[in-house]
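Engineer: sequence first, predicted coordinates after that:
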Amino acid sequence: MKINIRKRIIVKSTLMVFAFFYATLTFAQHSTPWNVPEAAKLKKNPYPSEEFSLDRGKKSYKLDCIRCHGAGGKGDGTSSGKLEKTVADLSSDLVQNQSDGELYWKISEGRKPMPIAKRTLTDDQRWDIINYIRTFKKTQ
């Protein structure tokens, strides 16, 4: 009987330690800036920002991004309020001043709660979404 109690205590303690470290890592991930590799920053979008690419980007955005980032990219989508992390405003200077390569890398890699788009979107779709995101740029 004493052995079963000890095993339970050890198992519960171990689980609590793992939960603590997971929570710490998740918090640390969101409290630090994304470190985009230099090579990724220099990547160029192979698709010009033309009607065909923008139309495809808008369709892909509506399927994969709109629920969190919202129709105008302001971070006010229908699911944004359910998330613990503030959703990026894609029209902001912070986003718009990043290179296409930086945005492509971030979309591809994701960071919780953002999904990893390289699992769900093709390379072409991600580049087209970037062209579409550029249409959100705030006008002064």
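Structural biologist: Here it is on my side, so go on.

Engineer: please count neighbours and contacts with C-alpha atoms only from this point.
Structural biologist: Noted.

Engineer: my guess is residue 117 meets residue 108, correct?
Structural biologist: Yes - using Cα atoms under 8 Å, residue 117 is in contact with residue 108, at 4.8 Å.

Engineer: now do the shared contacts for these two.
Structural biologist: By Cα atoms under 8 Å, 6 or more residues apart in numbering, residue 117 and residue 108 have these common neighbours: residue 126.

Engineer: low-scoring stretches of the chain, by residue?
Structural biologist: 1-2, 9-32, 139-140 (pLDDT under 70).

Engineer: got the domain ranges for it?
Structural biologist: Taking automatic domain parsing as the domain assignment, the ranges for the chain are 1-31, 38-136.

Engineer: mind checking the end-to-end distance for the longest one?
Structural biologist: Taking Cα to Cα, to the nearest Å, domain 38-136 runs 25 Å from one end to the other.

Engineer: off-centre distance for that domain?
Structural biologist: Relative to the chain's own centre, domain 38-136 is displaced by 8 Å; criterion: Cα atoms, centre = their mean, to the nearest Å.

Engineer: so residue 47, which state does it fall into?
Structural biologist: coil (DSSP: H, G, I helix; E, B strand; the rest coil).

Engineer: which residues does it contact?
Structural biologist: Here residue 47 is in contact with 53, 127-128 (criterion: Cα under 8 Å, 6+ apart).

Engineer: of the residues you listed, which is the nearest to residue 36?
Structural biologist: residue 127 (16.6 Å; Cα to Cα).

Engineer: chain neighbours aside, what residue packs nearest to the closest one?
Structural biologist: residue 45 (6.1 Å; Cα to Cα, 6 or more residues apart in numbering).

Engineer: thought residue 101 was touching that neighbour, still the case?
Structural biologist: Yes - counting by Cα under 8 Å, residue 101 is a contact partner of residue 45 at 7.1 Å.

Engineer: in terms of neighbours, single out the busier of the two.
Structural biologist: Each of residue 45 and residue 101 has its neighbours counted (other Cα atoms under 10 Å); residue 101 has more, 21 against 17.
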